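1. Here is the input, now give the coordinates:
(4 chains)
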2 protein chains.
Amino acid sequence: MAAPTPPRRERRSDFVQTRRRIIAAARRQMAERGPESLTVSAVAHTAGVNRTTAYQHFRTRDELVRAVSEELLAEVAGYLETKRPIVEHIDALADYFLAHPELARLALYWLLSDSPLPRAGKELFLHETRKIVEGAGARADADAEMLGHLMMGVAVLWPLHARIEFEDDTARRAATSRLARELKRVLLYGLLRPEEWPRLVAEVGAAPAAAAARRKRRSP
Amino acid sequence: MAAPTPPRRERRSDFVQTRRRIIAAARRQMAERGPESLTVSAVAHTAGVNRTTAYQHFRTRDELVRAVSEELLAEVAGYLETKRPIVEHIDALADYFLAHPELARLALYWLLSDSPLPRAGKELFLHETRKIVEGAGARADADAEMLGHLMMGVAVLWPLHARIEFEDDTARRAATSRLARELKRVLLYGLLRPEEWPRLVAEVGAAPAAAAARRKRRSP
DNA sequence: CGCAAATACAACACCGGTGTTGACTTTACG
DNA sequence: CGTAAAGTCAACACCGGTGTTGTATTTGCG
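-> Next up, the predicted model:
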């Protein structure tokens, strides 16, 4: 009576491997054309698996998309863990996003169709900019959340754009490091010479105090 | 012999007006769900017009999308004409993009499916950042093209994101002006305090000479 | 061996779109 | 009035997807 379900033997190895193959194919397809246009038929085909087999692993198309999404999200979270503070790994991050257009397409998909997961993804991102702004190295009057949106814009759009703009991977990576450099430059020094734009300065306020001041105030 | 085509009378007024209605409906639909998911059926329906009538104006779905796209592109070009230098109209621009999510969706559509028009749209945008960088008010070592990509990212993503994030228009506009302020702030002063990030400074180079120097060199 | 899980395959019902066609109605204008 | 353009309508062929079902086939393991 201990086990009303007799220990059913399972051919786990194959099952798991097939599932992996399906997810991998789905992932490739999501990288190429986005989750919206993922079709179970195509996924099954490129996975070298019958369509009905795919339906045995994922009851609906949507379930498949969600499975891939969750896998991706976990991966990114894990990756970000290893990169602190991220401002010192901008190049690595840029390369990472460039190498994983599925992320960009997924983010877009989320953005365009308000599903439950997007919050998690966005928070993952904003969390990082908040840490920077709240740290000692940033200017005092920065707006972490809005800064996050600035960053998110590039992070999402660039990988997709680069794929189209540059044929070979070498050129893509070169352009990406150019972008990363400009990002770093802007973060450090800004773009405009304040003395030439008095009207802007009036709107934003004069050169701000440093965030470091806060820390110093705490432990003088 | 002057007129081999006898002056065919045309009921222009209705024809033109119907066409307008169809385009307007298509535009609304593109703003809501993007050009990919535009369907002639839905457009005809919301235009209060029979589906076959729509097909009399635009032979294919694609032709309809292209017509709307061209109209939009022309509009943006016209709008940008009136806003020089654009850095002094960042709020107006932000509001404009926020009010026209069709643009963002179209840009995305272009970005994701390398069609012929995108170049024109992207160039329209990069043209503006180039003018800024080449003007006297920018720092000397800015990379106009890459800067353009930074800007394009927000310009495209923010309107879509704001639509989802904020229910009412007031909140949307408030958040947008917050974003605009942060953008201006970053452009003027950057985000990071260089003295706290020696490694970044080493990568990018020290505080750069001003672009104005170039001008002064030319006419001392 | 023999069982059961994992997979394959074909057929089906269903959906929502595209683009076409032919016959009908409305309406402005010469 | 008569004509032709503009629009309506219903029906059709076609496509490519989804999800289901019933019947095979392979394969690992007790």
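
2. Would you mind measuring from the closest residue to chain B within chain A to DNA strand C?
-> In chain A, the residue found nearest to chain B is residue A:153; the distance is 2.7 Å by CB to the nearest CB. Where you see a C-beta, it was placed from the backbone N, CA and C, and this is true even at glycine. Separation of residue A:153 from DNA strand C (CB to the nearest atom of the strand, to the nearest Å): 31 Å.

3. Secondary structure element for the residue nearest to that residue when sequence neighbours are not counted, which one?
-> With CB to CB, 6 or more residues apart in numbering or on different chains as the criterion, residue A:153 has its nearest non-adjacent residue at 2.7 Å, and that residue is residue B:153. In the assignment (DSSP states H and E), residue B:153 maps to helix B:144-165.

4. Isn't residue A:124 up against residue A:72?
-> No - proximity of residue A:124 to residue A:72 does not meet the contact threshold set by CB atoms under 8 Å, at 11.1 Å.

5. Counting neighbours, go ahead and name the busier of the two.
-> It is residue A:72, of residue A:124 and residue A:72, that has more neighbours when counted by other CB atoms under 10 Å in any protein chain shown, with 20 against 13.

6. Tell me who's in contact with the closest residue to DNA strand C within chain A.
-> As assessed by CB to the nearest atom of the strand, DNA strand C sits closest to residue A:18 within chain A, at 2.9 Å. Contacts for residue A:18 (CB atoms under 8 Å, 6 or more residues apart in numbering or on different chains) come out as A:47, A:49, A:53, A:57.

7. So what's the residue count around residue A:95?
-> Close neighbours of residue A:95, defined as other CB under 10 Å, add up to 16.

8. Who are the contact partners of it?
-> Here residue A:95 is in contact with A:173, A:176 (criterion: CB under 8 Å, 6+ apart).

9. Please give the element, helix or strand, for it.
-> Once you assign secondary structure using DSSP H and E, residue A:95 falls within helix A:90-99.

10. on that earlier part again, heading C-terminal from the helix holding residue B:153, find the next helix or strand.
-> helix B:169-189.

11. buried residues in that next one?
-> Within helix B:169-189, the residues that qualify as buried by neighbour count (16 or more other CB atoms under 10 Å in any protein chain shown) are B:172-173, B:175-176, B:179-189.

12. now stretch A:75-87, how far from the chain's geometric center?
-> Averaging C-alpha positions (CA atoms, centre = their mean, to the nearest Å) puts stretch A:75-87 11 Å from its chain's average.

13. got it, and stretch A:25-36?
-> 15 Å.

14. And for stretch A:93-110?
-> For stretch A:93-110, the separation from the chain centroid amounts to 5 Å (computed by CA atoms, centre = their mean).

15. JSON lines please, covering the contacts of residue A:18 and showing secondary structure.
-> JSON lines is the format used below for those (DSSP: H, G, I helix; E, B strand; the rest coil):
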{"residue": "A:47", "secondary structure": "coil"}
{"residue": "A:49", "secondary structure": "coil"}
{"residue": "A:53", "secondary structure": "helix"}
{"residue": "A:57", "secondary structure": "helix"}
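
16. Name only those of those residues that count as buried.
-> A:47, A:49, A:57.
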